[in-house]
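Q: Provide a 3D model corresponding to the input given below.
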Amino acid sequence: MWLDRVGIPIVQAPLAGGASTPALTAAVLNAGAFGFLAAGYKTPETVAADITTLRTLTDSPYGLNIFVPDDDVDPGSFAPYLDEIAPEADRHGVTLGEPRYDDDAFGTKVELAVSERVPVVSFTFGCPEAAVIRLLHGAGSEVWVTVTDIQEAEAAVAAGADVLVAQGSEAGGHRGCFLDRTDREDYGLLVLLQLLTARTDVPVVATGGIGTGAAVAAVLTAGACAAQLGTAFLRCPEAGTSTPHRDALTRYGRTRLTRAFTGRSARGIENRFLSEHTSAAPVAYPQIHHATAPLRAAGRAAGDPDVLNLWAGQAYSLTDDKPAADLIADLSHELATALASASRRVREVGLD
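A: The predicted model follows:
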């Protein structure tokens, strides 16, 4: 497992949607942790260029995250929602985008990962077929699959996944669930981590609401082999986070799960668009993602945070604007301090 060769058991999440940059991933890798590039929402050509750039910045092994495509849905199921949000686009002088289906160039991106012999390839929104995992294994890649419940974990293990990324409901951004059902049960990270480590021998990386070294220590103690952090890196200068998003991360607010921006359940900071449209938002990804893209782009250009998907985990108020290397160093120090404190407590109560 590649994580066995990493000095610090911290993983920088892929951060698809703009925050992911080769500079951020390289900074994390060079600081002794593990980092991912995001392939989601990017063309294969852009992903290839990112890999090339990353290799000029570091010699360390890295990861690449690929979205598993959702099934197409009936346009009639989301047409009323488009009518509801059309005035939002009018207000910003844009037209809603075409609510089209696509697979985010899944096959081409897998082929790219194989040809580039990417050390770690992770998948979100589902588990690839066993044949795809065998293909990646043949290229020397390790395969990670994001899971949100025990059934998804069992499917991923059966398909040949090497590592499970256990995503708790505290996590910012999209839920990594295979099927985005309205009746699904969402698990907090600690509960999910206990379930997975009790029922599988496959290594587990824990993610969701982790913002301090003490939280990293907590998930390691609970059986994870590493902690994956995403929101914690959004304010790093190396990240591609937009200015309105960065500013929102400095203000205290509540987070909520919503499908309003993309048609897929995701956690973000509550703003006007989220509050007004979450209840009507359908399960229709990536159709709604494409439909709202021009509106969100206009919001970024205008500095209007009320129409942006301000993805953030529940611990986002702990973020800081320090460089990624400094963040890794601080988390490592906090981790060591927390583990030492726990060890002392064990001795004090006579459990050693």
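Q: Are there helices or strands packed against the helix or strand Glu88 falls within, and which ones?
A: For Glu88, the host element (DSSP states H and E) is helix 79-91. In this structure, helix 79-91 packs against helix 272-277, helix 287-302, with contacts taken as 3 or more CB pairs under 8 Å, 6 or more residues apart in numbering; DSSP states H and E. Every C-beta, even on glycine, is put in place using the N, C-alpha and C of the backbone.
Q: Show me the contact partners of the following helix or strand past it.
A: Going down the chain from helix 79-91, the next helix or strand is helix 106-116, by DSSP H and E. Helix 106-116 has contacts (CB atoms under 8 Å, 6 or more residues apart in numbering) with 39, 44, 47-48, 51, 64, 66-69, 121, 128, 132, 135-136, 138-139, 141.
Q: Can you say which of the residues you listed are buried?
A: The neighbour count (16 or more other CB atoms under 10 Å) marks 39, 44, 47-48, 51, 64, 66-69, 121, 128, 132, 135-136, 141 as buried among those.
Q: count of residues packed around the spatially closest residue to Val6 that is not a sequence neighbour?
A: Spatial nearest neighbour of Val6, chain neighbours left out: Phe34 (4.9 Å); criterion: CB to CB, 6 or more residues apart in numbering. When neighbours are counted by other CB atoms under 10 Å, Phe34 registers 26.
Q: can you check Val147 too?
A: Using other CB under 10 Å, Val147 has 28 neighbouring residues.
Q: Okay, and Glu35 sits in which element?
A: To be clear, residue 35 is Gly; Glu isn't right here. In this structure, Gly35 sits in strand 34-38 according to DSSP H and E.
Q: which strands and helices sit next to that strand?
A: In terms of contacts (3+ CB pairs under 8 Å, 6+ apart), strand 34-38 is packed against strand 10-12, helix 22-30, helix 44-57, strand 63-67, strand 120-124.
Q: can the ones you listed go into CSV with extra columns for distance to Ser343 and mean pLDDT?
A: Converted to CSV, the helices and strands packed on strand 34-38 look like this (distance: least, CB to CB, whole Å; pLDDT from 0 to 100):
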stretch, distance to Ser343, mean pLDDT
strand 10-12, 20, 98
helix 22-30, 27, 98
helix 44-57, 37, 98
strand 63-67, 31, 98
strand 120-124, 31, 98
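Q: can I assume Thr241 is in contact with Gly230?
A: No: contact criterion CB atoms under 8 Å: Thr241 and Gly230 do not qualify, at 11.1 Å.
Q: pLDDT-wise, which helix or strand of the protein ranks last?
A: Lowest on mean pLDDT, DSSP states H and E among the helices and strands of the chain sits helix 324-348, with a mean of 92.
Q: what's Ala312 in contact with, if anything?
A: Ala312 neighbours (CB under 8 Å, 6+ apart): 172, 231, 234, 248-249, 255, 267-269.
Q: brain fart, Asp149
A: Applying CB under 8 Å, 6+ apart, the residues contacting Asp149 are 177, 184-185, 187, 192, 195.
Q: just the helices and strands packed on helix 79-91: most buried one?
A: helix 287-302 (a mean of 21; mean count of other CB atoms under 10 Å).
Q: In the stretch 201-350 of the chain, where is pLDDT below threshold?
A: For the stretch 201-350 of the chain, applying pLDDT under 70 flags no range at all.
Q: Could you save the helices and strands packed on strand 34-38 as JSON lines and add columns showing distance to Asp162?
A: Compiled in JSON lines, these are given as follows (distance: least, CB to CB, whole Å):
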{"stretch": "strand 10-12", "distance to Asp162": "14"}
{"stretch": "helix 22-30", "distance to Asp162": "19"}
{"stretch": "helix 44-57", "distance to Asp162": "20"}
{"stretch": "strand 63-67", "distance to Asp162": "12"}
{"stretch": "strand 120-124", "distance to Asp162": "9"}
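Q: looking at those, which is buried most?
A: strand 10-12 comes out most buried of the helices and strands packed on strand 34-38 by mean count of other CB under 10 Å, with a mean of 28.
Q: how much space is there between the spatially closest residue to Thr278 that is not a sequence neighbour and Ala139?
A: Nearest residue to Thr278 in three dimensions, chain neighbours excluded: Thr258, at 4.4 Å (CB to CB, 6+ apart). Distance, Thr258 to Ala139, using CB to CB, to the nearest Å: 37 Å.
Q: Any idea how many residues pack against the closest residue to Tyr316 other than its chain neighbours?
A: The shortest distance from Tyr316 to any residue other than its chain neighbours is 5.0 Å, reached at Thr231 (CB to CB, 6+ apart). Using other CB under 10 Å, Thr231 has 29 neighbouring residues.
Q: Next, the contact list for Thr231, please.
A: Thr231 touches 172, 211, 249, 311-313, 315-316, 319, counting by CB under 8 Å, 6+ apart.
Q: if we can go back for a sec, contact partners for the residue nearest to Val6?
A: Residues near Phe34 by CB under 8 Å, 6+ apart: 2-3, 6, 10-12, 28, 61-63, 120, 226.
Q: If anything else comes up later, I'll come back, but that's it for now.
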